[in-house]
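Colleague: generate coordinates for the sequence data below:
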Amino acid sequence: MKIDITQRKLKLQRKLLKNHYYIIIFFLTFSLLLVGISSFLVGRFPRNKGVGDFPGVCKISPDGVNCIGTGFLVENDLIITAGHVVNDLGVDAEVTLIFKDETVYNGIVERIEYDPNIAHMDVALVRLEKDVENPEWLMTLGDSERVDEGEEVRVPGYGYDCLYDAPRGSISAIRPDENILVSDVDINPGHSGAPVYSLTQKSIIGIIIKGPKPDTGEGKKAIIAINKIIEILEL
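Modeller: Just a heads-up that it's a prediction; the model follows:
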């Protein structure tokens with residue numbers, strides 16, 4: 001009788017251990033599944049806001065209140081933007097640069113290369129009156145010759161009501177003879193001068209421009225290739 005009871009206890013213990021094993025396997029599998037889903041969602045729907053996301057992007061204001069476009073930091077004291085953004089102000093005009101963390105810098109329009117009849121001639125430089133001390137704000141310039149059709153991009157900038165966002169899209173066409181890239185990214189006029197960030201290269205491959213643009217198609221946006229910008233501005 002004692003042996004029979006002992007055997008029953010052993011069977012019960014083995015059964016309980018087996019059930020615990022299945023429970024542990026279930027929770028481990030479920031946890032891994034959640035991690036995989038979270039990683040997918042982070043990659044598919046990246047944050048559009050936050051100081052840690054493209055901190056070197058700034059809005060450009062002629063008076064410290066209204067914004068006329070977007071710029072981005074490429075040296076400690078140098079901002080690139082679109083030429084048409086500051087063309088009406090002119091060279092040597094004073095502007096205010098407001099970064100994502102609301103830090104304010106004063107700057108001077110140093111150079112404007114803008115010709116409304118040439119699509120890629122729409123760039124400008126703004127020199128800050130003092131250096132930005134945080135090196136993480138500097139944005140890396142990529143290589144537009146390495147861009148492929150279908151490459152995913154983000155365009156951080158200041159749209160309607162000077163509000164920051166960073167919409168996502170892709171490169172739908174490449175026009176090497178015109179130094180133009182074409183994208184389906186959904187932006188508005190406030191993104192003029194905004195950097196186009198390649199999720200493949202992890203760097204800037206161009207900037208959003210105005211026009212007259214090449215025939216990009218309905219809903220498409222024209223981008224000056226970064227290699228041409230480097231050439232024009234002699235960076």
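Colleague: what domains does the record give for this protein?
Modeller: Domain assignment for the chain by automatic domain parsing gives 1-33, 57-137, 144-233.
Colleague: tabulate these in TSV, adding columns for mean neighbour count and mean pLDDT.
Modeller: In this view, the C-beta of every residue, glycine as well, is placed from N, C-alpha and C. Below are these laid out as TSV (neighbours: other C-beta atoms under 10 Å; pLDDT from 0 to 100):
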stretch	mean neighbour count	mean pLDDT
domain 1-33	10	57
domain 57-137	18	94
domain 144-233	19	86
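Colleague: which residues does residue 82 contact?
Modeller: Residues near residue 82 by C-beta atoms under 8 Å, 6 or more residues apart in numbering: 69, 122-124, 192-193, 207-210.
Colleague: widest-spaced pair of the residues you listed?
Modeller: 124 and 208 (13.0 Å; C-beta to C-beta).
Colleague: next, residue 142: phi, psi?
Modeller: Per-residue torsions, residue 142: phi -100, psi -150 (degrees, to the nearest 10).
Colleague: what is the nearest residue to it once chain neighbours are set aside paired to in the beta sheet?
Modeller: Nearest non-adjacent residue to residue 142, counting by C-beta to C-beta, 6 or more residues apart in numbering: residue 203, 3.3 Å away. Applying DSSP bridges to residue 203 gives these bridge partners: residue 198.
Colleague: hmm, back to that, report the set of residues contacting both of residue 124 and residue 208.
Modeller: Common neighbours of residue 124 and residue 208 (C-beta under 8 Å, 6+ apart) are 82, 193.
Colleague: pretty sure residue 127 contacts residue 80?
Modeller: No: under the criterion of C-beta atoms under 8 Å, residue 127 is not in contact with residue 80, lying 11.2 Å apart.
Colleague: strands paired with the helix or strand hosting residue 97, and their directions?
Modeller: If you go by DSSP states H and E, residue 97 is part of strand 94-99. Paired strands of strand 94-99, with direction, are strand 57-61 (antiparallel), strand 104-114 (antiparallel) (DSSP bridges).
Colleague: now those as CSV including distance to residue 97?
Modeller: Below are the strands paired with strand 94-99 laid out as CSV (distance: least, C-beta to C-beta, whole Å):
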stretch, distance to residue 97
strand 57-61, 4
strand 104-114, 5
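Colleague: out of the ones you listed, which is closest to residue 187?
Modeller: Here strand 57-61 is closest among the strands paired with strand 94-99 (C-beta to C-beta), at 13.1 Å.
Colleague: next SSE downstream of the closest one?
Modeller: Immediately after strand 57-61, counting by DSSP H and E, sits strand 69-75.
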